[in-house]
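A.B. asks: fold the following and give me the result.
(2 chains)
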Protein chains: 2
Amino acid sequence: MVKRYLSLAPLSDALGILEGSFTCTPSVERIPVTAAAGRVTAGPVFARFSVPEAHLAAMDGIAVLAEETYGASEQRPVTLRGAERVNTGNLLPPGCDAVIMIEEVRIDGDRFTIRGPASPWQHVRPVGEDIGETEMILPSRHRIRPHEIGALLAYGITGVEVLTVRIGLIPTGSELVPPGERPGPGQVVESNTGMAAAWLEAQGAHCIRLPLTPDDPALIRARLEEAAEGNDLVIISAGSSAGTRDFTADAIADLGEVLVHGVAMKPGKPVILGRIRGRPVIGLPGYPLSAVTVLRELVSPLLARYGLPCEPGVTVPAILASTLASEVGVEEFVFLSVGRIRDRWVAVPHGRGAGVQMSGVRANAYLAIPPGQEGVEAGGEVQARLMVPPEEAGQALILTGSHDPALDLMADRLALAGVSLHSAHQGSMGGLLALKKRVCHGAPMHLLAEDGSYNLPYLRRYLPDEELVLLCLAGREQGVISREGLSLEDLPGVRFANRQKGSGTRILLDHLLREKGIAPSSIPGYDRELTTHLAVALAVKTGEADAGLGVYSAAKALGLSFTPVAREPYELIFPAAGWEDPRVRALAAAVNSPPFREALGSLGGYDLSLAGRLRRLPG
Amino acid sequence: MVKRYLSLAPLSDALGILEGSFTCTPSVERIPVTAAAGRVTAGPVFARFSVPEAHLAAMDGIAVLAEETYGASEQRPVTLRGAERVNTGNLLPPGCDAVIMIEEVRIDGDRFTIRGPASPWQHVRPVGEDIGETEMILPSRHRIRPHEIGALLAYGITGVEVLTVRIGLIPTGSELVPPGERPGPGQVVESNTGMAAAWLEAQGAHCIRLPLTPDDPALIRARLEEAAEGNDLVIISAGSSAGTRDFTADAIADLGEVLVHGVAMKPGKPVILGRIRGRPVIGLPGYPLSAVTVLRELVSPLLARYGLPCEPGVTVPAILASTLASEVGVEEFVFLSVGRIRDRWVAVPHGRGAGVQMSGVRANAYLAIPPGQEGVEAGGEVQARLMVPPEEAGQALILTGSHDPALDLMADRLALAGVSLHSAHQGSMGGLLALKKRVCHGAPMHLLAEDGSYNLPYLRRYLPDEELVLLCLAGREQGVISREGLSLEDLPGVRFANRQKGSGTRILLDHLLREKGIAPSSIPGYDRELTTHLAVALAVKTGEADAGLGVYSAAKALGLSFTPVAREPYELIFPAAGWEDPRVRALAAAVNSPPFREALGSLGGYDLSLAGRLRRLPG
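C.D. replies: Numbering: from 1, shown residues only, chains lettered A, B, ... in the order given. This is a model prediction of the structure:
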């Protein structure tokens, strides 16, 4: 039987249904105070005793009875005999009510001479100055901060009752293998419940992960019952879309009730909200980014209702670098790389495939496009929600343009300098446009012109007035990647994996084919567009294609054959106005650093004599 | 020998000396990926295999060879035989290069009828779409976010090398008892290393706490050697001021070098920065808030140099509620309660005693007054650094004025509603002034006027034009607190603990003394000012005073005798303009809630018939 989502609930309705259907009573656990930072108090916490419990000296000096010091002055020093030497924190001796600082006392054996009077209670820490016995230290539902651990210990508290939500996590799917096992064809590593546990535990929940459960209705029912028995909340991963093996919704309906199946959000549409034995049951979609979105938009707000608030990231207004279409009636979430460019935030959208977990890894922010909105135009302002601290987002360096594996090495070097490199692989021509629109800091580029030179003719045509700096990352070799030593002349008739239009490699290929007089139409797969060198190499490695054009390091990484066809400079283009930006300075320093050069050398196929070459193009 | 800080290093110099004196190489530990959220990568992490490793169906539907579907249309449906039913995530069968969604297919046994063509590679997840074998997942020095745990697991990573800094923590001081033990006279609970460990571990350090070490130079030296042996960094707590028992600086000098002793910061002045066996040694002052300040201003930046950055809080511009003096040449740090009042942030400073750990607990922000600045005037703008998420600070409700233990109960009730109550105990008159200056949301008050009525005459005099709402928290009994049943008439000649000028209780006392014809000068201690009811009760309990005036609940909490002298309404005064604020609504709801009334009832001494009474004063 094929099921469909007959109607999708708006996200706001789904939240309302969750809110209205459950009382959300958290569990309480008692933990040592020393482990309590970040946890939320279950009830108020009161001081066991006063601090201090007796008057203490607040300074190093001598303890005195103030009235015995009256009359002392520079002219008429007074020598005290009853005084006593005390250090900060010492008990104030009986009969004393003030402390005179040691710097103001002349000491001669047990004789203390002073040149001024003390006022009563000066430099004394009175009983209960810090806290009084029975006073409240912390109220209920307070997230304990690290510095408060000291206060709790000091006031006699060693254990504290904190809130938690016990969550049973059930991974389902016959295609799953446990982490650490290499998946066979058609298998995937079960990673969603590990991710969900990390996400939920950061918010203060306690997760119990049940064993991998194959797609078997009886087993799924049994696990749901088991999880609902001992926990406050149940999350069942995958099995929530409408395929033939999706038994989750039926199992929830058998044991309890399905409240919502399908929410008008993307990613995350196939989510299930249900109830078993009065407890919420969330059916998490299988695609990792769908799962993340459901956790963030539905489960985190639900945990907040149990008393475990989540800290929303800071929101910044940003200029969108490229147009985003969006389906009306659906709330869409898009991962972004945001960075400060010329005194404004710029947001570069990542691809939206829910299976591309790397989009979430590469992103430092995300965007919600409300259901009423039909996308956002490039250049429009959006509210970007940061997924990193604002300081870290402010250190993002955005490069848009051509892709090269060396950019990963550069990202690693820059991370050591506190700069986070975000590269958007939009091809050399894409980089040129991003430079023109001022939505990147720099553009990696290798555009071969008719005259055989690289980049300059294109830059002059597209950015005629802009002063630019061209920094060569390295020279590099392009060649035919194949399993068995194919060369350009062999391409007609073999299955080819091409790069996208506007990429420097595609422009190079077209140039070479013209030179050799080879017609693109003679090459099967010429229209199959992939966006990175490694994707081309993978297509060759898996046998889907016989050949592709790409850099040596991609061929080497996958152990493929490489027939060189061209050498080219791989340059990063920066507006001269941004050349002194500290992030760009860090990059320029890294290009010239021995570790980067060594790393490039071991990738292979790079010409280091060009690395660091600077060219300037006047405005 | 009495030592002094001959010269204090400016804080910026101290940071520079730390930076210049150590290379700060972190330790590396290997941990399971599932425990890695929040940790910082020691090196780049690469994918073990591609995801997916083969082409997969991206939709539930049928897998086809696209060219066999060409020509299909609404008018000319095509029935396929070679097609195969697939679900999302299934391997694409050999010979197929596209998937048609199940919704677009009519199924009849193994016959599939379609009404439109498929394009090659539609609804297919190509090999490596998410990540390619050997590609970098995360760079070095990347703080792992919870959602990245899924990516790491999915790409074959189960363990990851992360940075840490191994810190040896040495608690010193003969006056210390371990947490959980009740301190005797002059003893204190050792809480600073527990607090430091929580603070430093939140930043990613690994702390080893050494045993309590008494003030013995040989023992301190031995512990320093032990700690320097196995750790990257040593922190020795207390023993860093210049008292007779402070051996820390000498011990560090014996074993290595003292770089700085004394920094021009407050709190935190007596800090020591030193070096033993090339490792940094920090001498943490004993006062808890001095210790916190040194951790925040010196140790956290040092950990950042090891690769463990700390997330600075958000800074907001705020109007300072009262003048703060500051010593020129010293960088002063002051804890604040900040809240949104009438569309601006207002900052109320806490007391500055370094021993009053509760100031740090009650605060949600702090302020740094630079060394060149001679304090800040009330009404001036300051940059408040938040110690809670901005959303939480936005939920702060600031009450300034009279103190009553019932405010703690209210804080607890409000916390359940997501509102954090900050009450500044400045007496009823202080509350009146804060209302006038618009630096509080409301003011708790019990000001007895000449005509025997409460509050209204004062409000009309000080706020003649303001429309106000008076909400009675409860009626309450004031009385003489003593150990043995003293009454007002007994006060002449007994040692008295008074409240501060401007407090409603002080005004009440003066009124009662006039009524009874008792001269204040006949009461010893009339000039000794304490700021809360509990402080008065504590002074009586410890025998420092024989009597004081306060509320019943304070006497009851400490098991003291109470002789009633007056009943009064304890009212919260709000500007009518702020009465509809959701935080104030939450408070009004709590006043009328059964749990609050029950809690007041068990404190004792409150007249619940007045609780919730509203009075309105027109503008």
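
A.B. asks: helices along the stretch 251-400 of chain A, start to end?
C.D. replies: A:288-294, A:300-305, A:357-362, A:390-393 (DSSP state H, counting those that start in this stretch).

A.B. asks: mind putting the ones you listed in TSV, mean neighbour count included?
C.D. replies: In short, each C-beta sits where N, CA and C put it, glycine included. Below are the helices of the stretch 251-400 of chain A laid out as TSV (neighbours: other CB atoms under 10 Å in any protein chain shown):
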stretch	mean neighbour count
helix A:288-294	28
helix A:300-305	18
helix A:357-362	25
helix A:390-393	17
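
A.B. asks: need those in CSV (columns: distance to chain B and mean pLDDT).
C.D. replies: As requested, the helices of the stretch 251-400 of chain A are exported to CSV (distance: least, CB to the nearest CB, whole Å; pLDDT from 0 to 100):
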stretch, distance to chain B, mean pLDDT
helix A:288-294, 5, 96
helix A:300-305, 9, 96
helix A:357-362, 4, 96
helix A:390-393, 7, 93
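
A.B. asks: now the ones you listed as CSV including distance to B:Glu450?
C.D. replies: CSV is the format used below for these (distance: least, CB to CB, whole Å):
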stretch, distance to B:Glu450
helix A:288-294, 66
helix A:300-305, 51
helix A:357-362, 69
helix A:390-393, 55
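
A.B. asks: residue most distant from the centroid, chain A?
C.D. replies: A:Arg76 (69.4 Å; CA atoms, centre = their mean).

A.B. asks: one step back: wait, which of the helices of the stretch 251-400 of chain A is closest to B:Thr41?
C.D. replies: Nearest to B:Thr41, of all the helices of the stretch 251-400 of chain A, is helix A:357-362, at 11.8 Å by CB to CB.

A.B. asks: my guess is A:Glu529 contacts A:Phe496, does it?
C.D. replies: No: in this structure A:Glu529 lies outside contact range of A:Phe496 using CB atoms under 8 Å: 11.1 Å.

A.B. asks: looking at these two, which is more packed in?
C.D. replies: A:Phe496 (27 against 17; other CB atoms under 10 Å in any protein chain shown).

A.B. asks: quick one: contacts for the more buried one?
C.D. replies: A:523-526, A:528, A:545-548 (CB atoms under 8 Å, 6 or more residues apart in numbering or on different chains).

A.B. asks: what about it, distance to chain B?
C.D. replies: Noted for A:Phe496: a distance of 13 Å to chain B, by CB to the nearest CB, to the nearest Å.

A.B. asks: equivalent analysis for A:Leu435, please.
C.D. replies: Taken as CB to the nearest CB, the span from A:Leu435 to chain B is 24 Å.

A.B. asks: tell me which element that residue is part of?
C.D. replies: helix A:427-437 (DSSP states H and E).

A.B. asks: which residues does the very next helix or strand once past that helix contact?
C.D. replies: Later in the chain than helix A:427-437, the nearest helix or strand by DSSP H and E is strand A:443-445. Outside of strand A:443-445, the residues within contact range by CB under 8 Å, 6+ apart are A:399-404, A:407, A:423, A:428, A:431-432, A:434-435, A:455, A:458, A:473, A:504, A:570-573.

A.B. asks: which of those fall in strands?
C.D. replies: Among the contacts of strand A:443-445, the ones falling in strands (DSSP state E) are A:399-401, A:423, A:473, A:570-573.

A.B. asks: what residues are up against A:Pro52?
C.D. replies: For A:Pro52, counting by CB under 8 Å, 6+ apart, the contacting residues are A:125-130, B:188, B:355.

A.B. asks: who wins on neighbours among those?
C.D. replies: A:Gly128 (27 neighbours).

A.B. asks: circling back: format the contacts of A:Pro52 as JSON lines; extra columns: pLDDT.
C.D. replies: As requested, the contacts of A:Pro52 are exported to JSON lines (pLDDT from 0 to 100):
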{"residue": "A:Arg125", "pLDDT": "87"}
{"residue": "A:Pro126", "pLDDT": "86"}
{"residue": "A:Val127", "pLDDT": "87"}
{"residue": "A:Gly128", "pLDDT": "89"}
{"residue": "A:Glu129", "pLDDT": "90"}
{"residue": "A:Asp130", "pLDDT": "92"}
{"residue": "B:Val188", "pLDDT": "90"}
{"residue": "B:Gly355", "pLDDT": "84"}
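
A.B. asks: ok, so of these, who is nearest B:Gly194?
C.D. replies: Using CB to CB, the contacts of A:Pro52 come closest to B:Gly194 at B:Val188, 12.7 Å.

A.B. asks: does chain B sit close to stretch A:208-221?
C.D. replies: No: using CB under 8 Å from any CB of the partner chain, stretch A:208-221 stays clear of chain B, coming no nearer than 9.1 Å.

A.B. asks: name the residues that touch that stretch?
C.D. replies: Here stretch A:208-221 has contacts from A:166-174, A:176, A:178, A:190, A:193-194, A:197, A:223, A:226-227, A:230-231, A:236, A:239, A:245-248, A:250-251, A:254-255, using CB under 8 Å, 6+ apart.

A.B. asks: run a quick neighbour tally on A:Cys96.
C.D. replies: 22.

A.B. asks: list the contacts for it?
C.D. replies: Contacts of A:Cys96 by CB under 8 Å, 6+ apart are A:63-65, A:83-84.

A.B. asks: over to A:Ser21?
C.D. replies: So A:Ser21 contacts A:259, A:275, A:280 (CB under 8 Å, 6+ apart).

A.B. asks: re the thing from before, out of the contacts of A:Phe496, which sit inside strands?
C.D. replies: A:547-548.

A.B. asks: any quick PyMOL command for the buried ones out of the contacts of A:Phe496?
C.D. replies: In PyMOL syntax, the buried subset of the contacts of A:Phe496 is picked out as below (16 or more other CB atoms under 10 Å in any protein chain shown):
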select buried, chain A and resi 523+525+526+528+545+546+547+548
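
A.B. asks: of the contacts of A:Phe496, which ones also sit close to chain B?
C.D. replies: A:Arg528.

A.B. asks: so which of the contacts of A:Phe496 is the closest to B:Arg514?
C.D. replies: Using CB to CB, the contacts of A:Phe496 come closest to B:Arg514 at A:Arg528, 98.1 Å.

A.B. asks: so A:Ala590 sits right up against A:Phe596, yeah?
C.D. replies: Yes: proximity of A:Ala590 to A:Phe596 meets the contact threshold set by CB under 8 Å, at 5.2 Å.
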